[in-house]
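[1] Pasting the sequence and the predicted coordinates here, then a few questions.
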Amino acid sequence: MMERPLSPFMFPNWYRFQITSALSILHRLTGIALAVGSILLTWWLIAVAAGGQVFAATHAFLASPIGILLLFLWSVAFFYHLCNGIRHLVWDAGYGFEIRTAHLSGYAVLAATVVLTVVAWLSVWLI
Amino acid sequence: MANTRSLSNATALRDENVLRRVRQLGSARDGLAEWRLQRRTALALIPLGLYFVASILRLAVSDQLTAAQWLSSPVPALLTILFVTALFAHAVVGLRSVLVDYVHTRARLVAAELLVRGAAILLAGASVLAVLKLFLGR
């Protein structure tokens, strides 16, 4: 039997780039990333409850450059998944299916992600 | 379609009962329950997630006392427990839909699903227990 490429691997060669499909894939990827990242969330909750050395090690990791980077990426993934999730809920309600609207809402999601991320981190550092 | 809608309005039946009556196109089983769980948890996670993330970005690098004090006060403790519960329920449905798309062998699908569900229950349970310990032990 011939080994034929399946849908996601059609991307670079056979499919033209479209923001709608790109955002759809990004929704799944950020969803998976957030699910994996929630392990760290649980770990942090346990560390706070346990205190002592467990917390010290967790805190050292989170406050390190890699820890801050992870937190930053986690927040970007969260805000993207949140905004695009709301876009999905609007679709579920039956609105916004016109191609033009779907493109516009896609760019709006990207813009909202940037704004929310910037506002969130500015508030952490400034307040 | 219009028929289904008017039936639903007239009898106030639950959607799944209406769908069950639709010939050929309707769901016969409980796929709708999962669909609905995904949407309900998504709705719940909008306010819960915004609240939790706004708090956590600051607390993630704070000292233990500050974090423990926050988690042991009633409102943050309750909302954190609700957030974690909705989060892992939402994650299970989402990860399952990915697995169903890409795992094509029945045995592997069942194994992967069990793994995801088991991990989610373990993580959710551990998170709730951690918050409860802080809340009850304050």
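    That came through, no problem.
[2] Alongside chain A, which residues does chain B contribute?
    Residues of chain B lying near chain A by C-beta under 8 Å from any C-beta of the partner chain: B:39, B:42-43, B:45-46, B:49-50, B:53-54, B:56-58, B:60-61, B:63-64, B:67-68, B:71, B:80, B:84, B:87-88, B:91, B:94-95, B:98, B:123-124, B:126-127, B:129-131, B:133-134. Glycine gets a C-beta too; all of them are placed from N, C-alpha and C.
[3] What is the burial count for residue A:51?
    14 (other C-beta atoms under 10 Å in any protein chain shown).
[4] Spit out the contact partners of it.
    B:64, B:68 (C-beta atoms under 8 Å, 6 or more residues apart in numbering or on different chains).
[5] Could I get the pLDDT score of it?
    What the model reports as pLDDT for residue A:51 is 91.
[6] Name the helix or strand for residue A:56, please.
    helix A:52-63 (DSSP states H and E).
[7] my bad, residue A:69
    Going by DSSP H and E, residue A:69 is part of helix A:65-92.
[8] Tell me which other helices or strands the next helix or strand after that helix touches.
    Remark: after helix A:65-92, the chain's next helix or strand is helix A:99-126, criterion DSSP H and E. Here helix A:99-126 touches helix A:19-50, helix A:65-92, helix B:31-59, going by 3 or more C-beta pairs under 8 Å, 6 or more residues apart in numbering or on different chains; DSSP states H and E.
[9] Now do helix A:99-126 against helix B:31-59, angle only.
    30 degrees (axes from the mean of the first three to the mean of the last three C-alpha atoms, to 10 degrees).
[10] buried stuff in helix A:99-126?
    Buried positions in helix A:99-126, judged by neighbour count with 16 or more other C-beta atoms under 10 Å in any protein chain shown: A:102, A:105, A:106, A:109, A:112, A:113, A:116, A:117, A:120, A:121, A:124.
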